[in-house]
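In: Generate coordinates for the sequence data below:
(one chain, ligands or ions: 2)
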Amino acid sequence: MNNYLEKVLTDVKNKNSHEIEYIQAVDEVLSTLEPVINKHPEYEKIALLERMVEPERIISFRVPYINDEGQTIVHRGYRVQYSSLIGPYKGGLRFHPSVNQSIMKFLGFEQIFKNALTGLPIGGGKGGSDFDPKGKSDGEIMRFCQSFMTELQRHIGQDVDVPAGDIGVGEREIGYLFGQFKRIRDAYEGGVLTGKGLSYGGSLARKEATGFGLIYFMREMLIANGNQSLKGKTVTISGAGNVAIYACQKAQEYGANVVAMSDSKGCIYDPNGIDLDLIKQIKEVERGRIFEYKNKHPEAQYFECTGEDSPIWNIKTDIALPCATQNEVNLNSAKKLVENGVIAVGEGANMPCTKEATEYFLEHNVLVAPAKAANAGGVATSAIEMSQNSMRYYFTFEEVDKKLNDIMVNIFKSCQDAAEHYNLGNNYVAGANIAAFRKLAKAMKAQGIV
Ligand code: NDP
Ligand code: 2IT
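Out: Ligands and ions are numbered 1, 2, ... in the order given. Below is the predicted model:
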């Protein structure tokens, strides 16, 4: 690694030694930037990298609420306002017991690059809480969201910071958050949150956007590498949430055979092809567990998660789509996938592959669609939702889907061009980082020392 990159990474490690996910995300980006940094020695003088890795602002706050038993519970809320370089802070809210400052910072850092790749005017941010929505009543969810927003509202706005959903935050939570924002601020500021319900300002196709976008990116990547297609390919998808469900839907529409999906407890394997209507019923309507799939399809197999390695990656597949959470594909899983002949990995989740896993895939000529590029369709469509709110207008489903498709085609092209420009072949992981970085560096230079 070049001296300047080495110095910044060492500094990040020393200052944040306990924040392992954040360090991982920074390391992953910096380790691909050498060719660009070598060309621009002037960046060191203006501390361009130091400014890029340090969030503009981190807000952490208390979130008390009363549960159904009348007990007061206190959680911790966060909003990391990472970068307003190219637009208002933009990124999701995650409600999951694992949420901590390291996870918020890694997600916020990734978001800056992802949002730059969309070509739309959105900066980077992330937020959330260590609250676990699983098993909570609607009343508990509502009271928690209201309490969370009572603090968050003073920090956000449609031109300031625009949160959306992520793990554990979907349309229901966004609705409660929006209601509370409106009540406190006494104004309908539609573009302050995205992923809203269709009845009060949401965009058609936002729900589908991340999963659809992932498959559009995969389609482009396969075409560019031997004119292949999804038709007839076996696909495994981890997760059974928003991203996984709509990735499955579009992959099936393209003629792929999706044979497995999962949740945090285990995975189901249905070689006849996943019954997606049933998954939607279990996950979107009943908020149940994936093993219930077997009640309707006893011929399917269920593999429980027992150790570190997720059982879904032991299943033979052509294309693997990790769409659950960070670091869910480790080196063992990568080896197993390669042994079983995987040709492409598409990251629907954020940082789902460890650095070692990604390197192993690339060394073994497996195509990798990196998260920052491949799952950018969600946030891009959030930006389209903001545009509609500003215009006080709605696009049709087909209009939004067409814009999403065009954006994903462009993102793929940016990754491809950057990789080609630096003689990196089809390393789209480096391509995505470099393409985003070049755009951000240009904006940073133009705006002076801020
Ligand atoms: P959801 O909450 O809708 O679904 C999450 C899914 O992942 C669930 O099936 C969940 O299982 C599983 N999961 C969550 N945490 C873990 C864990 N620690 N171990 C194993 N499985 C886990 O979230 P989304 O679908 O919205 O998000 C999935 C991923 O995609 C995240 O990485 C998110 O950051 C990323 N993403 C989301 C976007 C969006 O628009 N929603 C946009 C871009 C990226 P269980 O129910 O058992 O917890
Ligand atoms: O990780 C992500 O890009 C998201 N969770 C979506 C963010 C958004 O603002 O739509």
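
In: in the stretch 151-300 of the chain, which spans are helices?
Out: 171-185, 206-224, 242-253, 276-280, 293-296 (DSSP state H, counting those that start in this stretch).

In: near ligand 2, which residues of this protein?
Out: 90-92, 114, 164, 166, 194, 350, 378-379, 382 (C-beta under 6 Å from any ligand atom). No exception for glycine: its C-beta is placed from N, CA and C like everyone else's.

In: Could you dump the residues you listed into CSV with secondary structure, distance to ligand 1 and neighbour count added?
Out: Conversion of the residues of the chain next to ligand 2 to CSV gives the following (DSSP: H, G, I helix; E, B strand; the rest coil; distance: C-beta to the nearest ligand atom, whole Å; neighbours: other C-beta atoms under 10 Å):
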residue, secondary structure, distance to ligand 1, neighbour count
Lys90, strand, 11, 30
Gly91, strand, 9, 32
Gly92, strand, 6, 24
Lys114, helix, 8, 28
Ala164, strand, 7, 23
Asp166, strand, 5, 24
Thr194, coil, 9, 29
Asn350, coil, 4, 26
Gly378, helix, 3, 29
Val379, helix, 6, 26
Ser382, helix, 8, 30
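
In: And those residues, which is closest to Tyr216?
Out: For the residues of the chain next to ligand 2, the closest approach to Tyr216 (C-beta to C-beta) belongs to Gly378, at 12.1 Å.

In: Excluding covalently adjacent residues, which one is nearest to that closest one?
Out: Nearest non-adjacent residue to Gly378, counting by C-beta to C-beta, 6 or more residues apart in numbering: Thr210, 3.3 Å away.

In: and the one you found, how many residues sit next to it?
Out: Per other C-beta atoms under 10 Å, the neighbour tally for Thr210 reads 29.

In: Then Tyr254?
Out: 18.

In: What does the pLDDT read for the residue of the stretch 201-350 of the chain found nearest ligand 2?
Out: The minimum distance from the stretch 201-350 of the chain to ligand 2, using C-beta to the nearest ligand atom, falls at Asn350 (5.4 Å). Looking at Asn350, its pLDDT reads 98.

In: contacting residues for it?
Out: Applying C-beta atoms under 8 Å, 6 or more residues apart in numbering to Asn350 gives the contacts 106-107, 110, 326, 371, 375.

In: Quick check: it vs Phe106, distance?
Out: To Phe106, Asn350 is 8 Å away according to C-beta to C-beta, to the nearest Å.

In: Overlap of the contact sets of those two?
Out: Gln326.

In: how much space between the residue in the stretch 1-150 of the chain positioned nearest to ligand 2 and Lys134?
Out: Residue nearest to ligand 2 within the stretch 1-150 of the chain (C-beta to the nearest ligand atom): Gly92, separated by 2.9 Å. Distance of Gly92 to Lys134, given as C-beta to C-beta: 18 Å.

In: related to what we said a few turns ago, skipping its backbone neighbours, what lies nearest the residue of the stretch 1-150 of the chain closest to ligand 2 in space?
Out: In space, Gly92 is closest to Asp166, 3.2 Å off (C-beta to C-beta, 6+ apart).

In: Can you pull the residues of this structure lying near ligand 1?
Out: Taking C-beta under 6 Å from any ligand atom as the measure of proximity, the chain contacts ligand 1 at 165-168, 170, 210, 239-244, 263-265, 323-325, 328, 348-350, 375, 378.

In: at 5 Å what do you get?
Out: 166-167, 210, 239-243, 263-264, 324-325, 349-350, 375, 378 (C-beta under 5 Å from any ligand atom).

In: that older thread, just checking, the residue nearest to Gly92 touches Leu107?
Out: Yes: Asp166 lies in contact with Leu107 (C-beta atoms under 8 Å); the separation is 7.5 Å.

In: Much appreciated, bye for now.
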